[in-house]
Each structure stands twice: as C-alpha cells, then as structure tokens.
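>>> Here is my input, please return the structure:
(one chain, ligands or ions: 2)
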Amino acid sequence: MSKTNASQIRMLCPAKLNLFLELCKRRDDGYHDIDTVMVAIDLVDELQIRVRQQPGISLQVDWLPSRHELSCQLGVEPSSKAATGADDQGDPSLAPESAASLLDIPCDERNLVWRAAEAAVKHFGLDLGFEITLGKRIPAGAGMGGASSNAAMTLLAIATLVGRQGDLDSLHGLAADIGSDVPFFLRLPPVPDPAGTAPAGTRNGSENSAASISPVAWATGRGEVLQPVPIGGRLNFVIVYPAIALSTARIYQGATVPDSPISSAPLRKSLQTLAISEIGQFMENRLTEPARKIASRIDEIHESMWQSGLKGVQLTGSGSASFGIADTPKSAGSAAVTLRQQLCPGARVMTACSLPPPAQTQT
Ligand SMILES: C[C@@](CO)(OP(=O)(O)O)[C@H](O)COP(=O)(O)OP(=O)(O)OC[C@H]1O[C@@H](n2ccc(N)nc2=O)[C@H](O)[C@@H]1O
Ligand SMILES: Nc1ncnc2c1ncn2[C@@H]1O[C@H](COP(=O)(O)OP(=O)(O)O)[C@@H](O)[C@H]1O
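Ligands and ions are numbered 1, 2, ... in the order given. So this is what the prediction gives:
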C-alpha cells in the first residue's frame, strides 16, 4: 500500500507474531542463533514521509486512535510509568527495564524510524531531509516487531522516494544492522491500504525475492537469514497485550539454550494444509519461560485464552503479548469479547489476520 507522489509516501507497517521460536546457540557476539517462523498480520502502524529540501529529520509519533483511548484500555495514566511486570512478590530485581511509560515512544535518534532514515540518507548519499509522522497501533515492548516494522518501511519508503526501491538486497544489510527482525519486514508483500492507491513499490530482491511472495518466513541466524514459508490461506488470531513492557535483551539473557533444540520443520509443513490443531501441536516459544518469570500475569492470560476456546495459545517473540488461533473471524471476535470482559482494563485485546499471500491480494 502506498500513496506515492514526487514528494511524499504513505506506508502501512504490519506487526508480526512468532509461531515458533527456538534457541539453537548462544553466540560470541552476544546474540543467539535462532530458528523462528514469523507471520505478518494486518495490525498496522501508519507511516507518512515527506521529502524536505533542507537536510535533517523530524519525527512525530502519535497513538491511534488516540493516546487517551489506549491508556483507558490499558488502565494506565496517559503518561504513567510502565507496570513493572515483577512477580507477585513485586521483586524489583525481576522488574523489566520498563519503558518510560507504555505509551511514550521516543521521537529522536532512539527511534528505529529515525535510525533507518539516517542509514538510508547515508547509504544513498542524499542531501535531502525527511519529515516523518508515525501513527502507532502496534503495542510497544510486546514482541510484535513494531519498531522493527517501522524501520523496515522507512527504508523502503525512502528508497521508493529516490527511485531505488528495485534493489532490496542492498537494503537487507542496512536492515540487519538496525535490528535482527528488521529484514523480515522488508520482504513482505505490500499491505493493502484502503486509504492508499497501488500497493507499495515492487519488492524484488535476487536470492531472497521469493521471500516477498509470502507473509510467512522462516528466519535463522540471529533472525536475518530468511526463507519463504508457503501458507495454505489466512490465519485468524486474537492477541492479548498486558500493560507490561518487556525488554528483548533481558528476556534473551534469562533464556537457556536447550541441549537438543527442536526444529520448526513440522510447524512449517503444517502451515501448508492450515490444519489448526496440527499447527497448535507444533508451536513453541523458548522465550516463554524467562518472560513469565518476570511477568507472571502471562500465565493468567494464557489460561483465560485457552478457556475462551482459542487454540495454539503462545507468547509472541520476547513478549509481553500472547496470541491464540481461532477457527474463523467470527469465533475470533467472540473470544475477544469474552477476553475483554475478563481482562480489561489492564490489557489490550485485539483481533488480527495473517496478511494474504500476494496471489490473494490481486483478487
Ligand atoms: C525476540 C524477537 C523474535 O522475533 O522479536 P521481538 O520480541 O523483539 O519482537 C527477535 O529475535 C528480536 O529482534 P530485535 O528486536 O530486532 O532484536 P535486536 O534489536 O537485534 O537485539 C536486541 C537484543 O536481543 C538479544 N538478541 C536478539 C536477537 C537474537 N537472535 N539473539 C539475541 O540474543 C541481544 O541481546 C540483542 O542485543
Ligand atoms: N518506532 C518505534 N515504535 C515503537 N517503539 C520504538 C520505536 N523505536 C524505538 N522504540 C523503542 O523500542 C522499544 C521496543 O519496541 P517494540 O515495538 O517492542 O520493538 P520490537 O518488537 O521490534 O523489539 C519500545 O519500548 C520503544 O522504547
């Protein structure tokens, strides 16, 4: 989706869920070799980038539909400190490094959008500036790739504005330098945008271009080595985000690499037939244990999600959000109503669908 003209572009930034995440090895550089399967979903942030002749970057970030609405859902003051997520004993040593607040997103070089814009200016040798506005829906510190998706779409948007969108491979390295999850978002099919016109520019790369034909990818290395995973249709999800921001680094630090890591192969195979009970059987997230030790509310949320009839209930990424799979959009909607009655305020309950494989977006 993009509304591109000579001076501005609008991009939708999809979130992601990890259907599988296994730790294979702790690396000397402080990262882990992982085996993960990520699916992009239609819960999106909105990015608008305008070209300025004067070099420099400006960034404005707002929550959609509004900060007030989200603070009510989460049961936090609009500028409150993030809930500690410490365990019931409130052990401060377990509290995650909480964001200044659940709703405070940095508007300076700490924001991955800003870093991506600076990297693109340098990479393409531009003497232009960019005025950027970002509308956030994807919860922060949730394990849903919000910041990474924003960064990837910023790279794509600036490449499109300067007529370089054709060569995704050169952007792959920039993306991987910004974050391990960022390359995944570069190669997704464009998100259909009701307010936009044609989908964003072509996303063809050479060896990985096949990856842009699927909203699902198998990622290895630290998450930057990608292969497409065929999927037999669309999956319906219900996502629950408790009012807790978890630090990705902290969760990885608390994780243990198993002696015999399990493989995502059975899960990847089950996605082709889309047999939900089979998919649920092969799902796994090795970061669940460290996350639930810090935020014990995750256990209560999983219990409520199972009881609401969802299948394959699991933490996404390093958390704090969890998702479950519903048989149909209708059953997802009714499970969400039940969960909102039980968990809100104090959590966001969202429904979402995996992005359609490109063949379906042409219909
Ligand atoms: C956990 C995952 C699962 O998809 O997503 P999120 O929960 O962040 O959405 C990713 O691996 C997060 O990717 P990303 O958020 O880009 O992480 P990065 O900025 O690259 O790394 C943040 C920190 O996480 C740890 N890290 C990250 C990736 C990896 N394969 N091994 C690690 O140990 C390192 O301590 C690193 O310094
Ligand atoms: N564009 C962005 N959107 C949201 N958070 C951002 C952004 N840039 C930097 N951050 C910071 O990164 C933290 C993690 O953001 P998150 O959306 O969870 O990213 P990811 O899931 O890719 O790790 C946030 O709590 C926030 O402080």
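>>> ok, Ser58 to Gln48 distance?
Distance, Ser58 to Gln48, using CB to CB, to the nearest Å: 12 Å. Using the backbone N, CA and C atoms, a C-beta is placed for each residue, glycine as well.
>>> who touches both of the two?
Both Ser58 and Gln48 are contacted by Ile132, under the criterion CB atoms under 8 Å, 6 or more residues apart in numbering.
>>> Could you list the buried residues of stretch 162-180?
Applying a neighbour-count criterion of 16 or more other CB atoms under 10 Å, the buried positions in stretch 162-180 are Arg164, Gln165, Leu168, Leu171, His172, Leu174, Ala175, Ala176, Ile178, Gly179, Ser180.
>>> Oh, that last question was meant for stretch 265-282, not what I typed.
For stretch 265-282, the buried set under the neighbour-count rule, 16+ other CB under 10 Å, comprises Leu267, Arg268, Ser270, Leu271, Ile276, Ile279, Gly280, Phe282.
>>> Among those residues, find me the one that's closest to Gln253.
Leu267 (25.7 Å; CB to CB).
>>> after the helix or strand hosting that closest one, next one along is what?
Per DSSP states H and E, Leu267 falls inside helix 265-273. Counting by DSSP H and E, the next helix or strand C-terminal to helix 265-273 is helix 276-282.
>>> Against which helices or strands is that next one packed?
Counting contacts by 3 or more CB pairs under 8 Å, 6 or more residues apart in numbering; DSSP states H and E, helix 276-282 packs against helix 265-273, strand 311-315, strand 322-326.
>>> about what we covered before: got JSON lines for the buried residues of stretch 265-282, with distance to ligand 1 too?
As requested, the buried residues of stretch 265-282 are exported to JSON lines (distance: CB to the nearest ligand atom, whole Å):
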{"residue": "Leu267", "distance to ligand 1": "15"}
{"residue": "Arg268", "distance to ligand 1": "16"}
{"residue": "Ser270", "distance to ligand 1": "20"}
{"residue": "Leu271", "distance to ligand 1": "17"}
{"residue": "Ile276", "distance to ligand 1": "22"}
{"residue": "Ile279", "distance to ligand 1": "18"}
{"residue": "Gly280", "distance to ligand 1": "19"}
{"residue": "Phe282", "distance to ligand 1": "17"}
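>>> Excluding chain neighbours, what is closest to the residue of the stretch 1-150 of the chain found nearest ligand 2?
When you check the stretch 1-150 of the chain against ligand 2 by CB to the nearest ligand atom, the closest residue turns out to be Gly146, at 3.0 Å. In this structure, Gly146 finds its nearest non-sequential neighbour in Ile138, 3.5 Å apart by CB to CB, 6 or more residues apart in numbering.
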